[in-house]
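**Q** I'd like to go over a predicted model; first the sequence, then the structure.
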Amino acid sequence: MDHLRGDAHGGRRDADAGLIYPFTAFTVLYCFLAVIVAWLLYRQIIRSPRGSEWTRLYAPARRGDA
Amino acid sequence: MSDLLAARSQMAMSLAFHIIFAVVGIGLPVLMVIAERRWQKTGDPIYLELAKRWAKGTAILFAVGAVSGTVLSFELGLLWPAFMEAAGPIIGMPFSLEGFAFFTEAIFLGVYLYGWNRITPRAHLWAGILVAVSGAASGVFVVIANAWMNAPTGFELVNGRIANVDPIAGMMNPMAFQQTLHMTLAALAATGFAVAGIHAFLLLFDRDNAFHRRALSIALLVSAPAALLQPVSGDLSAKAVARLQPAKFAAMEAHFRTGTRVPLLIGGWPDMDKGETAYAIRIPGGLSFLAFGDFDAEVKGLEEFPRGEWPHVPIVHTAFQIMVALGTYLVLVSLWAAWVGWRRRDVGADRRLLVALALATPMGFIAIEAGWTVTEVGRQPWIIYGVMRTADAVTPMPA
Amino acid sequence: MPDLALADVLAALLALSLNAYVLLGGADFGGGVWVMLATGPRRARQREVIAHAIGPIWEANHVWLILAVVLAFTCFAPVFARIMTVLHIPVSLMLVGIVLRGSAFTFRTYDDQHDAAQHRWGRIFASASILTPLLLGVCIGAVASGSVVAPTQGGFAERFVDPWLTPFAFAVGVLTLALFAFLAAVFLTMETRDPELVEDFRRRALGAGVAVFLASGLALLLSFDDAPLMGRGLMASSWALPLHLATAVSAIVVFAALWHRRYRAARLLAGLQVSCIFWGWVVSQYPYLVPPDLTVAGAAAPEITLRITVWALALGTLVLAPSLIYLFRVLKSGPAHEE
């Protein structure tokens, strides 16, 4: 099944190598995004409406306003 | 770290990240549509507020899911070019269909978010339903492609070359139904329990908050049925794995020696060198029954396979146990909530149930990550089961 | 053996979906450029118009890129594998740009409307909107120059850096960025009724048009040395002359239309002009997908895959076309943007 090996695979694949850089970069990026998203979800979605927001909810004249 | 390990880590990390957003993208629109429907029926503005907030949540998570999904579609080639070169013509089909489902979801999410005052309530509700349906469809298509890697069909090997491909047969592979069902239910249960758990937690401090109560009731309506159906779907999946990927099955169950009337192991630490699993609770005949419906059936152990074709047994076994344990907890909480609801007592007023639900918040997602670990690590050393090894698929960049 | 005609059809569809991405997704990136370059007393209002124009539609526009990628790995898998291997570095950087652009824009939309937060996300959004088209152009330039060859010999730099780290590839990157900024400015003249803002975007469109002219001149000059295949294709192919004429005519007419404030015509013609430039590249390297060795026919998947893909595309279009029309009608109707 030799052809199923990539076209340039002679080399050993166990040396220390460069693919660690994209791995690290994307890991850092995604950790950053995860924190921001969690924080945003709490502030914008999960937290109960407060004070003035409740009155807005129960003011039918403005229902549907954003 | 070797390039192969770095590539696998990057793929695993990208998938682990994206899967959360994909799963919420399937579950949250369902909650959103139910909230809107209730608002239309009752006129209670809290339901409208919930629908709008969940729509906003869907929009945020959909956007991050869209970009992290884009990264994945590129990473298939950035990290596994030889795999894509061989498999692209077969599994491109579900990915194309996924593209269209994703497109539909983007379009109707736009209609939903910006259409509140511009289209009829009926049309708006339907836009939401289409978001939910296309979200589920894109998940199904991607999982079909993954199922093909576990049970590759739709081609012939001629002199070791993939030939005579049939993409439709590839999509109809024998793992497709089991995996897509399991994943879809998991998405609904995990999202529902995360939402239910968060609002249950907040209700502990703010007992009469109508916002949290209504959110909790909708979330349970979606998550509990899904969690209760999940063991049935899990059993279907396990039976298919036992038949099609006996090495993965043996690793899941930490089962080394072929035999009949094989016990089911709960817990335990598998030792790959000794070929034994220590500290496990054994249920006689349990594994034979679960795999083949017969307490005396023969189950192949890992010893049947060359050592080079074993997945990492401790990881697969432990991940599997975590998934099953968390799933069991969610089933029990679902039953409890159903019991409380059926007795016409207020689910939001039962303090102990609220604590149990709050504990469940992350469990669905952890179970999904664990299940994903089982299916991916359990397939190793293969990227296409029995056909191509992961080590042969990794990019020649940069060595 | 694959049906040659069918492979050509799919290559054309692949190019078409990239063309759609360049026009629609490109304009969204260009919007980021103008967020970065917003100046003068109306800069906050400029940024608002841009955010409203992009908001409901950028994800749908982004799907054209995913479609192109999926078509590439389904129908021309060796092409996908080659590009992703040799251009691993610029493609990875481009992905970082895509992730940051999309998420920063979303956070900007849904975070609290404080100036500080808005400003921070706006900056990230704008920087990523500049980085991504540059790198996309670098990748296109590398492919066009025929240096994306099977990486069999040489060291790391020779195989994975030299193919794209060329003056020509970067000239194409700058050209791509200029084109996207030009498209965005022209489109934005139609996105607001405020005459002062329309004037702002008109001036920007004229300026970006000049930048496009200069960047394409530079890319053409460098192509003689760096991308001889392309230079020859641009000159020699039988399609070349009509395409060049169409590009030149539409470029002149866009300028005239902008000058006379005929924005509807300008929008249409700017789209035409950019498409002509894009197809000029496609035609110049036909029948090669990745010169000098991967051709449409040589890299095509088995016929059955191609046939089923065409059916899937037809089916998808049947669902998508009415949905997209519906989305645009909903967005155009009723009061101006709410959320």
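**A** Here it is on my side, so go on. Numbering: from 1, shown residues only, chains lettered A, B, ... in the order given.

**Q** Is the nearest residue to residue B:177 once chain neighbours are set aside in a helix, a strand, or coil?
**A** Spatial nearest neighbour of residue B:177, excluding adjacent residues (CB to CB, 6 or more residues apart in numbering or on different chains): residue B:236 at 7.9 Å. No exception for glycine: its C-beta is placed from N, CA and C like everyone else's. Taking DSSP: H, G, I helix; E, B strand; the rest coil as the rule, one finds residue B:236 in the helix state.

**Q** residues touching residue B:236, list them.
**A** B:177-178, B:181-182 (CB atoms under 8 Å, 6 or more residues apart in numbering or on different chains).

**Q** one more time with 10 Å, if that's ok
**A** Residues counted as contacts of residue B:236 (CB atoms under 10 Å, 6 or more residues apart in numbering or on different chains) are B:177-179, B:181-182.

**Q** Pull the number of nearby residues for the closest residue to residue C:163 other than its chain neighbours.
**A** Distances taken as CB to CB, 6+ apart put residue C:147 closest to residue C:163, at 4.1 Å, once the chain neighbours are dropped. Residues lying near residue C:147 (other CB atoms under 10 Å in any protein chain shown) number 21.

**Q** pLDDT weak spots in the stretch 201-339 of chain C?
**A** Scanning the stretch 201-339 of chain C for pLDDT under 70 picks out C:230-238, C:333-339.

**Q** same thing with chain A?
**A** In chain A, residues with pLDDT under 70: A:1-17, A:48-66.

**Q** How about the residues of chain C by chain A?
**A** C:78, C:81-82, C:85, C:88-89, C:91-93, C:95-96, C:99-100, C:103-104, C:106-107, C:110-112, C:121, C:150-153, C:156, C:159-160, C:337-339 (CB under 10 Å from any CB of the partner chain).

**Q** Who's the closest spatial neighbour of residue C:296, skipping the chain neighbours?
**A** That would be residue C:11: by CB to CB, 6+ apart, it lies 4.6 Å from residue C:296.

**Q** Now do the same contact list for that neighbour.
**A** Contacts of residue C:11 (CB under 10 Å, 6+ apart): C:71-72, C:75-76, C:79, C:282, C:286-287, C:289, C:295-297, C:299-300.

**Q** May I see those organised as JSON lines, with distance to residue B:359, neighbour count and secondary structure added?
**A** Formatted as JSON lines, those follow (distance: CB to CB, whole Å; neighbours: other CB atoms under 10 Å in any protein chain shown; DSSP: H, G, I helix; E, B strand; the rest coil):
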{"residue": "C:71", "distance to residue B:359": "46", "neighbour count": "25", "secondary structure": "helix"}
{"residue": "C:72", "distance to residue B:359": "46", "neighbour count": "28", "secondary structure": "helix"}
{"residue": "C:75", "distance to residue B:359": "49", "neighbour count": "30", "secondary structure": "helix"}
{"residue": "C:76", "distance to residue B:359": "50", "neighbour count": "29", "secondary structure": "coil"}
{"residue": "C:79", "distance to residue B:359": "50", "neighbour count": "27", "secondary structure": "helix"}
{"residue": "C:282", "distance to residue B:359": "57", "neighbour count": "20", "secondary structure": "helix"}
{"residue": "C:286", "distance to residue B:359": "61", "neighbour count": "18", "secondary structure": "coil"}
{"residue": "C:287", "distance to residue B:359": "62", "neighbour count": "14", "secondary structure": "coil"}
{"residue": "C:289", "distance to residue B:359": "54", "neighbour count": "27", "secondary structure": "strand"}
{"residue": "C:295", "distance to residue B:359": "60", "neighbour count": "19", "secondary structure": "strand"}
{"residue": "C:296", "distance to residue B:359": "57", "neighbour count": "22", "secondary structure": "helix"}
{"residue": "C:297", "distance to residue B:359": "60", "neighbour count": "15", "secondary structure": "helix"}
{"residue": "C:299", "distance to residue B:359": "54", "neighbour count": "24", "secondary structure": "helix"}
{"residue": "C:300", "distance to residue B:359": "54", "neighbour count": "26", "secondary structure": "coil"}
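
**Q** nearest to residue C:173, of those residues?
**A** residue C:282 (17.9 Å; CB to CB).

**Q** For residue A:18, see how far away the closest one is.
**A** 33 Å (CB to CB, to the nearest Å).

**Q** of the residues of chain C next to chain A, buried ones?
**A** C:78, C:81-82, C:85, C:88-89, C:91-93, C:95-96, C:99-100, C:103-104, C:106-107, C:110-111, C:121, C:150-151, C:159-160 (16 or more other CB atoms under 10 Å in any protein chain shown).

**Q** what helix or strand is the residue nearest to residue B:33 when sequence neighbours are not counted on?
**A** In space, and not counting its chain neighbours, residue B:33 is closest to residue B:128: 4.2 Å by CB to CB, 6+ apart. Here residue B:128 is covered by helix B:121-150, with elements defined by DSSP states H and E.

**Q** list the buried ones in that helix?
**A** Those would be B:124-150, for helix B:121-150 by 16+ other CB under 10 Å.
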